[in-house]
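Novice: Next one to model:
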Amino acid sequence: MRNLTLLPFLTLAIFLTSCDAVLTTNHITDATTDLLQDGLSGAWQADDGVIQIKFDEGGTGHFASLEWKKDRFEISQSRFQALKVKGTTILTVESPDGDDDGFFLAAVRQAENNEMHAFAPQVNIFAKLVETDQMEGKVEKGRHTTTVTIEDAGKVVSDTPLEKLFNFENKMVLKRIIPLESED
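Specialist: Alright, predicted model coming up:
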């Protein structure tokens, strides 16, 4: 089973119910555009955790969460890049512990009422595409897990219908936390 202390964002985006994953060997882009940064930045409530998203001057996204584990607080943080493809934001997310040889693939869509929905890739579809030589990559099957590693996520998500690649029926809802106005 993959280490899912990656923070609530990864647990939600990466595989709401399983330990399967799609990894890519490089980020989907070198820098997330300013427009995407504006839509993703801020604090988000996911289940019982809060995720803070910020971007550095180079356009790399950073997120962090604070969790209570083993009688103490633990901070989980990681970096990511995002690219808008056909109305969906595709994320490539680094593992915070550096154990993985690639970046996790996930998708998010902005929704109404200050919500964002996160979606997991359909690992079995990616595996089938690799196994039938329709996509370059490798498939590793463990006893209870499957990991698919692809080379160029940007090309894959641009050339293949996203409805085929991501499970848009099963979503994790993130609600934007809007700060109260201060009374100065």
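
Novice: same question for the strand ranked longest in the chain, mean pLDDT?
Specialist: The single longest strand within the chain, with elements called by DSSP state E, is strand 72-85. Averaging pLDDT along strand 72-85 yields 91.

Novice: from here on, count from 738
Specialist: OK, 738 is where the count begins now, so the last one is strand 809-822.

Novice: Dump it to CSV, restricted to CA.
Specialist: What follows is strand 809-822, C-alpha atoms only, in CSV (Å, rounded to 0.1, in the frame of the first residue of the first chain):
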residue,chain,number,x,y,z
ARG,A,809,1.5,15.2,18.0
PHE,A,810,1.0,17.5,15.0
GLU,A,811,2.6,16.5,11.7
ILE,A,812,2.9,18.8,8.7
SER,A,813,2.6,17.2,5.3
GLN,A,814,3.7,19.2,2.3
SER,A,815,4.5,18.7,-1.3
ARG,A,816,4.9,20.5,-4.7
PHE,A,817,2.9,20.3,-7.8
GLN,A,818,2.3,21.7,-11.3
ALA,A,819,-1.0,22.2,-13.0
LEU,A,820,-2.2,22.5,-16.6
LYS,A,821,-5.7,23.3,-17.9
VAL,A,822,-6.7,20.7,-20.5
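
Novice: quick one: contacts of the helix or strand just after it?
Specialist: Downstream of strand 809-822, the first helix or strand assigned by DSSP states H and E is strand 825-831. Identification of contacts with strand 825-831 by C-beta atoms under 8 Å, 6 or more residues apart in numbering yields 743, 746-747, 750-751, 761, 763-765, 773, 776-777, 815-821, 840-847, 890, 894, 899, 903. (Each C-beta comes from the backbone N, C-alpha and C, glycine too.)

Novice: Determine the longest helix present in this protein.
Specialist: Ranked by residue count and defined by DSSP state H, the top helix of the chain is helix 860-868.
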